[in-house]
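Participant: mind folding the following:
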Amino acid sequence: MRKGRRVQADSIRCVYLPNELGHARLGMAVSRKYGNAVQRNRFKRQIRNMFRQHAVRDLGVDVLIVPLANADAIGNPAQVADALFDRLLSRLGGA
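Facilitator: Sure thing, here's the model as predicted:
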């Protein structure tokens, strides 16, 4: 993903790279600095849920999500992810 493009919303970074599959794939890199296991798994669960509901999943793109702050600094990851996926969708020309 070093050659990917970046989009950022609040304290979550999204790195994306086009693929030839015709559908999106999601990856997450959530380190232990984010919080304990419960907080990390909750973050990943919320991001996965927003990804399933968003139109960005119909595009041919690989998406990597990386939180840049700890769990206390990111209020509601689902709202931030929705804004992030909207920004990504507008940048890719979908919608």
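Participant: nearest residue to the residue nearest in space to the middle of the chain other than its sequence neighbours?
Facilitator: Relative to the mean C-alpha position of the chain, the nearest C-alpha, by CA atoms, centre = their mean, is the one of Ile65, at 3.8 Å. Leaving aside its chain neighbours, Ile65 sits nearest to Met28 (4.7 Å; criterion: CB to CB, 6 or more residues apart in numbering). C-betas here are computed from N, CA, C, even on glycine.
Participant: thinking again about what came up before, contact partners for the residue nearest to the centre of the chain?
Facilitator: By CB atoms under 8 Å, 6 or more residues apart in numbering, the contact set of Ile65 is 12-14, 26-29, 47, 81, 84.
Participant: name the element it belongs to?
Facilitator: Here Ile65 sits within strand 61-67, counting by DSSP states H and E.
Participant: with Phe43 instead?
Facilitator: helix 37-53.
Participant: ditto for Gly27
Facilitator: Using DSSP H and E, the element containing Gly27 is strand 25-28.
Participant: run the chain-centre distance for that strand.
Facilitator: 7 Å (CA atoms, centre = their mean, to the nearest Å).
Participant: contacts for that strand next, please.
Facilitator: Contacts for strand 25-28 (CB under 8 Å, 6+ apart): 19, 43-44, 47-48, 51, 57, 61-66.
Participant: out of the residues you listed, what pair is the most spread apart?
Facilitator: Taking CB to CB as the measure, the contacts of strand 25-28 span a maximum distance of 24.1 Å, between Asn19 and Phe43.
Participant: fine, thanks again, bye for now.
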